[in-house]
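> 3D, please:
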Amino acid sequence: MDTSSPIDIFVARDEPADRHDAQAVMDHGASSLASRPEAGDATTTCTEPKVFVHLAWGQDAREWERRWHAGRLIGVNDPSPYGYARAREMGCRVTFSRAAREGRLRKLVRLGLRAVLGFDYLHAAFNADNMLASDIVWTHTESQYLAVALLLARRGRRPSGRPKLIGQSVWMFDRWDTLSVIRRALLRRLIREVDLLTTLSMENLAVLRRAFPQKRSEMVLFGIPSEVSTAPRLRTGAPARVISVGNDRHRDWRTLAAAMSGQPDIELTIVSQTAPASLARGAPNIRIVALADNDALQRLMADATLMVVPLQPNRHASGITVMQEAALRGLPMVVTDTGGLKDYFDADAACYTPPGDAAALLANVRALIAAPDRALALAQRAQARMRRGDLGCHAYIARHVELTRSLLGDIP
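Next up is the predicted model:
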């Protein structure tokens with residue numbers, strides 16, 4: 001997802017709700033979001049913090065759930081966006097941001113302001129009443145927490161207090177060292193309103209702590225629903241079927257295509273809405289598809305020999321969702337060694353390859369194809385990693401609840 005914003009570090013374009021770095025087909029929490037209690041109910045107590053989850057405009061919780069039930073969310077997903085509704089089972093009152101109904105003019109104004117600021121302030125302002133009535137606001141990317149921070153800064157300190165804010169950064173600190181003085185100053189002013197900064201990788205956290213040594217910051221392991229899995233098995237047969245999935249801006253499709261092109265005994269299927277169609281031209285063993293339903297993806301993964309996650313250098317654990325999906329489906333993985341992914345899966349659970357090296361990528365793919373027993377062992381260890389308890393959607397939300405109680409003073 002490249003951004004066209006003039007202040008591009010603010011991430012002007014949010015992730016689509018059905019991006020394939022998404023989340024698992026399971027029935028945990030599948031009851032209607034609309035029927036669940038919302039934050040601000042009279043029964044709320046100090047032991048039940050009121051959590052407001054502010055997500056991107058296109059990630060409305062009710063629409064997300066409808067798409068989940070229809071099988072139109074591609075990948076391993078929770079019925080609620082990123083599983084945040086699970087916090088209700090952990091003693092929190094949870095409500096989600098909602099998208100305002102808008103005609104052409106309102107949409108034009110909202111998107112125009114977003115292009116200037118780099119984040120969707122009007123979406124945050126529409127949700128201000130519920131947000132300000134909460135004890136704490138959770139956000140999924142900097143695009144959301146910067147909008148919330150501006151809203152809080154404009155409202156000022158109220159006698160009745162204001163909600164705490166957890167700001168989760170994904171892309172911003174990848175480029176922090178290259179930002180202008182003016183951009184850093186803008187960011188620093190907004191981040192003053194954030195009570196806790198979180199990241200998804202230790203590489204990002206190191207940059208964050210250098211930039212904001214006085215600000216509380218934590219790494220949170222991102223996770224997808226892990227309740228359903230497929231036992232790893234020997235995957236043999238010819239031709240070998242390699243699958244690669246994702247829409248993230250740091251997918252390195254060109255290196256992958258260069259590695260796989262002209263290999264008649266390897267069939268490569270790229271599942272992506274962002275991979276250039278030109279990469280498959282003149283390469284009969286490569287196809288690029290955009291899937292409309294989740295069952296189609298599950299069939300491709302069931303038939304695959306292995307998963308490849310090709311990445312450009314980054315700091316934010318790009319590709320971690322697909323790695324977890326592959327682990328749950330029992331697929332061995334070849335993954336670019338970048339972004340702090342070894343914080344999640346070490347070299348005993350995935351075959352890591354250097355960034356931008358097509359020859360090394362091909363060699364690693366062929367090594368696993370030639371040694372199905374080794375590939376099976378990798379898949380087994382990756383799936384065991386998902387069962388350890390600190391990785392997965394439940395652990396991801398539980399960590400948010402733990403941090404919330406700490407911020408609100410329930411625990412030291």
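> So which bits of stretch 232-240 are buried?
P232, R235, A240 (16 or more other Cβ atoms under 10 Å). From N, CA and C alone the C-beta is placed, and that goes for glycine too.
> Contacts for it, please.
Residues outside stretch 232-240 that contact it (Cβ atoms under 8 Å, 6 or more residues apart in numbering): 264-267, 285, 304-306, 330-332, 365, 369, 372-373, 375-376, 379-380, 383.
> can we see that at 7 Å?
With contact meaning Cβ atoms under 7 Å, 6 or more residues apart in numbering, stretch 232-240 is reached by 265-267, 305-306, 330, 369, 372, 375-376, 379-380, 383.
> okay, the buried residues of stretch 232-240 in CSV with secondary structure, pLDDT and distance to D78 next?
Formatted as CSV, the buried residues of stretch 232-240 follow (DSSP: H, G, I helix; E, B strand; the rest coil; pLDDT from 0 to 100; distance: Cβ to Cβ, whole Å):
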residue, secondary structure, pLDDT, distance to D78
P232, coil, 94, 23
R235, coil, 89, 28
A240, strand, 95, 32
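> which one of those is nearest L165?
P232 (41.1 Å; Cβ to Cβ).
> Could you pull out the helices in this structure for me?
For the chain, the helices defined by DSSP state H cover 61-70, 104-117, 121-126, 128-132, 142-155, 181-191, 202-211, 253-260, 294-303, 320-328, 358-370, 372-386, 393-408.
> Highest mean neighbour count out of the ones you listed?
helix 320-328 (a mean of 27; mean count of other Cβ atoms under 10 Å).
> Show me what it is packed up against.
With contacts taken as 3 or more Cβ pairs under 7 Å, 6 or more residues apart in numbering; DSSP states H and E, helix 320-328 sits against strand 306-309, strand 333-336, helix 372-386.
> Figure out how far stretch 213-226 is from the centre of its chain.
12 Å (Cα atoms, centre = their mean, to the nearest Å).
> in that stretch, what counts as buried?
Quick answer for stretch 213-226 (16+ other Cβ under 10 Å): K215, S217, E218, M219, V220, L221, F222, G223, I224, P225, S226.
> What does the fifth one show for phi and psi?
The reference is to V220. Dihedral pair for V220: phi -120, psi 120, per degrees, to the nearest 10.
> thought it was touching V401?
No - V220 lies out of contact with V401 (Cβ atoms under 7 Å); the separation is 11.3 Å.
> quick revisit: for the contacts of stretch 232-240, which one is nearest N247?
L306 (20.2 Å).
> Mind pulling the model confidence for that closest one?
Looking at L306, its pLDDT is 96.
> Could you pull up the residues touching it?
R235, V242, L331, P332, M333, V334, L368, A375.
> how close does the nearest residue to T199 once chain neighbours are set aside sit to D343?
Distances taken as Cβ to Cβ, 6 or more residues apart in numbering place L205 nearest to T199, at 4.8 Å, with adjacent residues excluded. Here L205 is placed at a distance of 10 Å from D343 (Cβ to Cβ, to the nearest Å).
> rewinding a little: least confident of the contacts of L306?
Per-residue pLDDT puts R235 lowest of the contacts of L306, at 89.
> Identify the residue nearest L331 in space, chain neighbours excluded?
Leaving aside its chain neighbours, L331 sits nearest to M307 (4.5 Å; criterion: Cβ to Cβ, 6+ apart).
> bridging residues for that neighbour?
Assessed by DSSP bridges, M307 has beta-bridge partners I243, M333.
> Surely it and I243 touch.
Yes - look at M307 against I243 with Cβ under 7 Å: they come within range, at 5.6 Å.
> Please identify which of those two sits among more neighbours.
Shown here are M307 and I243; by other Cβ atoms under 10 Å, M307 has more neighbours (25 against 21).
> and the more buried one, how far is that from L376?
Taking Cβ to Cβ, one finds M307 at 14 Å from L376.
> Okay, now the unreliable bits of the stretch 51-200 of the chain?
156-160 (pLDDT under 70).
> Walk me through the domains of the protein.
8-225+392-408, 240-386 (automatic domain parsing).
> What about the nearest residue to R387 once chain neighbours are set aside? Give its phi and psi, please.
Counting by Cβ to Cβ, 6+ apart, R387 lies nearest to S226, which is 7.2 Å off, once chain neighbours are set aside. Note on S226: backbone dihedrals following degrees, to the nearest 10 are phi -120, psi 10.
> per-residue confidence for S226?
93.
> burial count for the closest residue to W68 other than its chain neighbours?
Once flanking residues are discounted, W68 sits nearest to P79: 4.9 Å by Cβ to Cβ, 6+ apart. P79 has 25 neighbours, counted by other Cβ under 10 Å.
> P79 touches E65, doesn't it?
Yes - counting by Cβ under 7 Å, P79 does reach E65; the two are 5.2 Å apart.
> residues touching S201, list them.
M219, R315, H316, A317, G339, G340, D343.
> if you set the cut-off to 6 Å instead, what comes out?
H316, A317, G340, D343 (Cβ atoms under 6 Å, 6 or more residues apart in numbering).
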